[in-house]
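>>> Build me a model:
(2 chains)
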Amino acid sequence: EAGVTQFPSHSVIEKGQTVTLRCDPISGHDNLYWYRRVMGKEIKFLLHFVKESKQDESGMPNNRFLAERTGGTYSTLKVQPAELEDSGVYFCASSPSVNTIYFGEGSWLTVV
Amino acid sequence: AQSVTQPDIHITVSEGASLELRCNYSYGATPYLFWYVQSPGQGLQLLLKYFSGDTLVQGIKGFEAEFKRSQSSFNLRKPSVHWSDAAEYFCAVTRSNDYKLSFGAGTTVTVRA
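From the prediction side, this is the model:
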């Protein structure tokens, strides 16, 4: 069974550009999450989808970040325009319930 | 609000020696507790979890953790480390009806030969 898949694994973009990160959850998992770890900081929750609905987006830092999950399958996280402080690792995770949350390998974003 | 403290930023241990990573949480109700590991270039892998019942939980890769309510702790242990255990370890907590994980800052483990 495939795990949580994230693309791209690494991305280097210039300040002001746009980046879109994609996450494919484990098949059948209704819950999908985005977390991120910026340099030197803790891993922080960004948002939670249940199927295609945003259940909790309290962790989204500002309106430059837009997450979607059309059709309740894969999700995208767009950063537009990217700023230097957005550099870090963006983790996607999925779960059938709270019992076990499976994380992907992360998308490493560098904004220069 | 719930929070997690991992007091040790970096630990160095000899291969074959025992390892203990500390985790303290701040939370009013019974927490759901997790330990994750991130090896270099890899994602977060779940080592073990505690929801209820036996306070000593066994995980993968020979790890175990003990929940101590009186100390608000959930320390991770391994009797004998292998070079492949070199990684960053994260303790995380959530509530029983909440999917949002709160992570500690992480502890980096270096294994020396």
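>>> got the residues of chain A near chain B?
By Cβ under 8 Å from any Cβ of the partner chain, the residues of chain A that approach chain B are A:4, A:6, A:31, A:33, A:35, A:41-45, A:48, A:55-56, A:59, A:91, A:93, A:95, A:98-106. Any C-beta I mention is one placed from the backbone N, CA and C, and that applies to glycine too.
>>> If we use 10 Å, what do you get?
Contact residues, chain A versus chain B (Cβ under 10 Å from any Cβ of the partner chain): A:3-4, A:6, A:9, A:31, A:33, A:35, A:37, A:40-48, A:50, A:55-56, A:58-59, A:89, A:91-93, A:95, A:97-106, A:108.
>>> Can you get me a residue count around B:L33?
B:L33 has 22 neighbours, counted by other Cβ atoms under 10 Å in any protein chain shown.
>>> Could you give the bridge partners of it?
Beta bridges link B:L33 to B:Y50, B:V93 when assigned by DSSP bridges.
>>> Same question for B:T107.
Applying DSSP bridges to B:T107 gives these bridge partners: B:Y89.
>>> For it, give me its contacts.
If a contact means Cβ atoms under 10 Å, 6 or more residues apart in numbering or on different chains, then B:T107 has B:6-11, B:19, B:21-23, B:76, B:87-91 as its contacts.
>>> circling back: PyMOL command for the buried members of the residues of chain A next to chain B?
Of the residues of chain A next to chain B, the buried ones go into a single PyMOL selection, burial set by 16 or more other Cβ atoms under 10 Å in any protein chain shown:
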select buried, chain A and resi 4+6+31+33+35+37+42+43+44+45+46+47+48+56+59+89+91+92+93+95+98+101+102+103+104+105+106+108
